[in-house]
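Colleague: fold the following.
(2 chains)
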Amino acid sequence: MSHDDKNKENELELDHEYDGIKELDNPLPRWWLISFYGAIIFGICYFFYYVVGGAPTLRDEYNKEQEVHHAVRAEYLAKLGAFDVEHFEKIYTNESVIQYGESLYVANCMSCHADGGKGDIGPNLTDRFWLFSFGNPETVYPFILSGNPNGGMPSWSDKIEKEDIYAILAYVLNQQGKTYENAKQEEGNEFPPWKPGMRTEDYF
Amino acid sequence: MNKSTIGEMESFAYDDGITRKFVWATLVWGVVAMLLGVIIAFQLASWKVNLGLPWTTFGRLRPLHTNAAIFAFVGNGMFAGIYYSLQRLTKARMFNDTLSKIHFWGWQLIIVAAAITLPLGMTAGKEYAELEWPIDIAIAVVWVVFAVNFFGTLVRRREKHIYVAIWFYISTLITVAVLHIVNSISIPVSLMKSYSVYAGVQDALVQWWYGHNAVAFFLTTPILGLMYYFVPKAINRPVYSYRLSIIHFWSLVFIYIWAGPHHLLYTALPEWAQTVGMVFSVSLWAPSWGGMINGLLTLRGAWDRVRREPVLKFLATAITFYGMSTFEGPLLSIKSVNAMAHYTDWIVGHVHSGTIGWNYMLSAGMLYYMVPKLWKTDIYSVKLGNLQYWTATIGLILYIISMWVAGITQGSMWRAIDQETGMLVYPNFIETVVRIVPMYWVRAIGGTLVLLSFIIMFYNMVKTMQKNTSPLVDEAHKAVSFRAKKPEKEKGHRLLEGMPMVFSVLALLAILVGSIIEILPALMSSSYVKKDENIKPYSALELAGRDIYIREGCYVCHSQMIRPMADEALRYGKPSEAAESIYDHPFQWGSRRIGPDLARVAGKYRDIWHFRHMMDPRSTSPGSIMPAYPWLFKEKTDFGVLKKKLSVMNALGVPYTDEEIENAPNAAIEQAKAITQVLQESGVSESVHNKQIVALIAYLQRLGNY
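Modeller: Numbers count the residues shown, from 1 in each chain, chains lettered A, B, ... in the order given. Coordinates of the predicted model:
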């Protein structure tokens, strides 16, 4: 510390002393004061703008965000098209549809049907045995929609968009014939594997 | 009598014995608290470290870690520093040696009680306030003993004015008492079980008013007081600015108390309260930095010594981290930043830059200063001090950086929505957990380094103490009491500093303003929560399950509060409403998502899924880091106590009919049997119906289902 500093410090020294501790009377740093008052002024403005001034609330912002989001979803679903077997046959091998179906499967179905559909709490979806359908898209689709409370399958019609079930179905049917370690044993009746062109009446 | 004559020299001695006791407690509990932290850090990196035992699982040990770190380690350190400095700053021995001893032993007993009850699952289920009602009462009593001793000493002081360190001590004493008592009010069900009188959004508000101000008035203000004593003492230079002390003290205590709701941004708390929490948090930045400036600028001109001496090294680093975390805090409380960071590990990193960077470092500086003086010797090894310093600093940096990376990773993965499909990019929550497990390893290693550094200090301090061979007797001091001197004419704050009791009343008023304005509307106004007729109280079995949820500390990892955001709506369902938790005594909104939110988990999985998941989480959720809960399948549900539980809830305003209360055990058994019947279809034995797992499933299947 230079001499000048020392002298300046002596001038600033107050006659306070506590257990040898002295205090200087340095002024508050200007930048500190600016940030102190600045934050308070910001706070007051912010509060009045958002609480009194009618600025959008968090719920307003959420609703707006949801609107945009629903539009994105609607656009995508429109691209996927409505359920119909012939259309399904055209797109069910489409890699991006399968991938999208897989993400939905992971989020909604995997907790019971396990990884890849090898079955756990819910039945195995990779084999040719089916409990409540024939294993063809036309009969599996309505089963996913309405579920079967006695069999433990929940209804998904109010949880997943109908068109999304379409993508899940694409993923699941492409899992047919895959083998997994620790796959669940067969349950239900055996049906011939579904191929494009097969219709429900072909199973009788 | 002529007052102008110089008064009589009074002879007295400081009670350093009590300080030495608190020093020992700080060292011992510091090791315990940090060891617990390291254990739970490894539990997150590898679930096997939970050991499959009830009392060693994360959900029970994490509250023990936080309580030990805050109340045992920092608490004892704070008391050591206050007992040492208060006597010297007032030139008076502690008011009463017996009260000092009651304070010391009472506090240690409370810690031991916490260490026994928390692992046993006896918890009030509120973060940092987990201890059950008998211990809460003991805390209040011991705190009052401390307060009497403290204010008694102030009354007997020989120094007229109270120094800035004492202002901070006063504020701590008063505010912690108010916070602890108000937040802990509950009605007992049994000796070790109680229900908070507050529910849902009210409880959330009171809890975070408490929780945030535990940080403010237990981890910050007393430590600032210690800084104001030990920094100028250690560097032997005057405090930079007396004016800054005044302004930043009063603005800090006045503003801090309002900031609690920043823990509840985007929740069901009314938005005006959230906004108040945010703007006061932002305004806290400058008052906090006032303390940092005064600390760092007191050190200026002596940086060469800071490089050489462990005492100053620790103190300077502590102040620097204080500055960092008090900048990060306001930043995190800005709504849009909070949207990203809340529920993530970023918050955990932030907290530890405060507790390790500020509390541990300052305590270490204080101990390096105090222990040689208390044991009348020199420090055993400066080299070990330096080694400790670098080990702690590197450990802390690893900790903070890994938590930043983990937090920002989690936040971005949770929020990622595919712009083309409008679906979540990571629909499976597990993906977002697995991704950050490497960061959990880094954090655990960082934490281990911090623990090691503390053990080095433990050794260094014990060796220092052992260097002393002569008996430790309290030295005699002489001073003239200010009462024997001619009073000076004073005005403004200087006048106030000569009137500690008036000062204390003003400090109380400063914290009451914010407390009352923020909390009272929640407790008084019937329009605070929009009613929803569909929300019914929990069934007896669901309540039993809820108490298991609380006992196992599920709230430590799972939130029950869906925020109004598109990604949360996709992942968890529509945003949570305040009305949905009006019967939740205590609320279980949580503060962290190590696992997914559970507010609307009902019906998402079948009962058998939960059954298997609790037995072995990885059987249903591959990659999960959740501990297994095998004891829930063996321990029986206490149906008998449900009558009492419902009647206590009823007393708290939950509308159970007399018949429902009377019939609670039977109704619970019936519901348990119905659930078991469904489980039986999947091969589960009928004998589980009276086990705790069934009650827990009943509760989980109720969350969000009205």
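Colleague: and the nearest residue to B:Ile408 once chain neighbours are set aside, what element?
Modeller: With sequence-adjacent residues excluded and distances taken as C-beta to C-beta, 6 or more residues apart in numbering or on different chains, B:Ile408 is closest to B:Trp346, at 6.5 Å. Every residue, glycine included, has its C-beta placed from N, CA and C. Assigned by DSSP states H and E, B:Trp346 belongs to helix B:345-354.
Colleague: in that helix, what's buried?
Modeller: B:Asp345, B:Trp346, B:Ile347, B:Val348, B:Gly349, B:His350, B:Val351, B:His352, B:Ser353, B:Gly354 (16 or more other C-beta atoms under 10 Å in any protein chain shown).
Colleague: and what of stretch A:34-42?
Modeller: A:Ser35, A:Phe36, A:Ala39, A:Ile40.
Colleague: and the furthest pair within the residues you listed?
Modeller: Distances among those were taken as C-beta to C-beta; the most separated pair is A:Ser35 and A:Ile40, at 9.7 Å.
Colleague: and the stretch 51-200 of chain B, which residues reach chain A?
Modeller: B:Ser85, B:Arg88, B:Leu89, B:Lys91, B:Glu159, B:His161, B:Tyr163 (C-beta under 8 Å from any C-beta of the partner chain).
Colleague: tally of neighbours for the first one?
Modeller: For B:Ser85, the tally of surrounding residues (other C-beta atoms under 10 Å in any protein chain shown) stands at 26.
Colleague: ok, the residue lying closest to it once chain neighbours are set aside - contacts?
Modeller: Taking C-beta to C-beta, 6+ apart, and ignoring the residues beside it in sequence, B:Ser85 has B:Tyr229 as its nearest neighbour in space, at 4.1 Å. B:Tyr229 is in contact with A:Asp19, A:Ile21, B:Gly81, B:Ser85, B:Leu89, B:Tyr163, B:Ala165, counting by C-beta atoms under 8 Å, 6 or more residues apart in numbering or on different chains.
Colleague: hang on, the earlier thing: which one of the buried residues of stretch A:34-42 sits closest to chain B?
Modeller: Within the buried residues of stretch A:34-42, proximity to chain B (C-beta to the nearest C-beta) peaks at A:Phe36, which comes in at 3.7 Å.
Colleague: centroid residue for chain B?
Modeller: Nearest residue to the geometric centre of chain B (C-alpha atoms, centre = their mean): B:Tyr128, 4.1 Å.
Colleague: hmm, the residue nearest to B:Ile408 is touching B:Leu332, no?
Modeller: Yes: assessed by C-beta atoms under 8 Å, B:Trp346 is found in contact with B:Leu332 at 7.3 Å.
Colleague: and the gap between B:Phe280 and B:Ala259?
Modeller: 5 Å (C-beta to C-beta, to the nearest Å).
Colleague: try A:His113
Modeller: Relative to B:Ala259, and taking C-beta to C-beta, A:His113 is found at 47 Å.
Colleague: higher neighbour count, the two?
Modeller: Taking neighbours as other C-beta under 10 Å, A:His113 and B:Ala259 compare with B:Ala259 leading, 28 against 23.
Colleague: what residues are up against that one?
Modeller: B:His212, B:Ala216, B:Gly277, B:Phe280, B:Ser281, B:Leu284, B:Ser333.
Colleague: list the residues that contact the last one.
Modeller: Same thing as B:Ser333. B:Ala259, B:His262, B:Leu265, B:Gly277, B:Met278, B:Ser281, B:Val282.
Colleague: which residue comes closest to the last one once chain neighbours are left out?
Modeller: Taking C-beta to C-beta, 6+ apart, and ignoring the residues beside it in sequence, B:Val282 has B:Pro330 as its nearest neighbour in space, at 4.8 Å.
Colleague: what's the helix or strand for the one you found?
Modeller: Using DSSP H and E, B:Pro330 falls in helix B:310-332.
Colleague: C-alpha coordinates for that helix, PDB please?
Modeller: C-alpha atoms of helix B:310-332 as PDB (Å, rounded to 0.1, in the frame of the first residue of the first chain):
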ATOM      1  CA  PRO B 310      -4.300 -20.700   5.200                       C
ATOM      2  CA  VAL B 311      -6.600 -18.600   7.300                       C
ATOM      3  CA  LEU B 312      -6.800 -15.800   4.800                       C
ATOM      4  CA  LYS B 313      -6.800 -18.200   1.800                       C
ATOM      5  CA  PHE B 314      -9.900 -19.900   3.100                       C
ATOM      6  CA  LEU B 315     -11.600 -16.600   4.100                       C
ATOM      7  CA  ALA B 316     -10.900 -15.000   0.700                       C
ATOM      8  CA  THR B 317     -12.200 -18.000  -1.100                       C
ATOM      9  CA  ALA B 318     -15.300 -18.200   1.000                       C
ATOM     10  CA  ILE B 319     -16.100 -14.600   0.200                       C
ATOM     11  CA  THR B 320     -15.500 -15.200  -3.500                       C
ATOM     12  CA  PHE B 321     -17.900 -18.200  -3.500                       C
ATOM     13  CA  TYR B 322     -20.400 -16.200  -1.500                       C
ATOM     14  CA  GLY B 323     -20.300 -13.700  -4.300                       C
ATOM     15  CA  MET B 324     -20.700 -16.300  -6.900                       C
ATOM     16  CA  SER B 325     -23.600 -18.100  -5.400                       C
ATOM     17  CA  THR B 326     -25.400 -14.900  -4.500                       C
ATOM     18  CA  PHE B 327     -25.100 -13.900  -8.100                       C
ATOM     19  CA  GLU B 328     -26.300 -17.400  -9.300                       C
ATOM     20  CA  GLY B 329     -29.300 -17.300  -6.900                       C
ATOM     21  CA  PRO B 330     -30.900 -14.200  -8.300                       C
ATOM     22  CA  LEU B 331     -30.200 -15.500 -11.800                       C
ATOM     23  CA  LEU B 332     -31.900 -18.800 -11.000                       C
END
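Colleague: ok, and what's touching the next helix or strand after that helix?
Modeller: Proceeding C-terminally, helix B:310-332 gives way to helix B:335-341 as the next helix or strand, assigned by DSSP H and E. Under the criterion C-beta under 8 Å, 6+ apart, residues A:58, B:262, B:265-266, B:274, B:278, B:331-332, B:347, B:407-408, B:411-412, B:415, B:563, B:565 lie in contact with helix B:335-341.
Colleague: swap in stretch B:296-313?
Modeller: With C-beta under 8 Å, 6+ apart, stretch B:296-313 has contacts from A:1, A:5, A:26, B:230-232, B:234-235, B:237-241, B:315-316, B:319-320, B:323, B:364-365, B:368-369, B:379, B:382, B:385-386, B:388-389.
Colleague: give me the number of residues near B:Ser11?
Modeller: 9.
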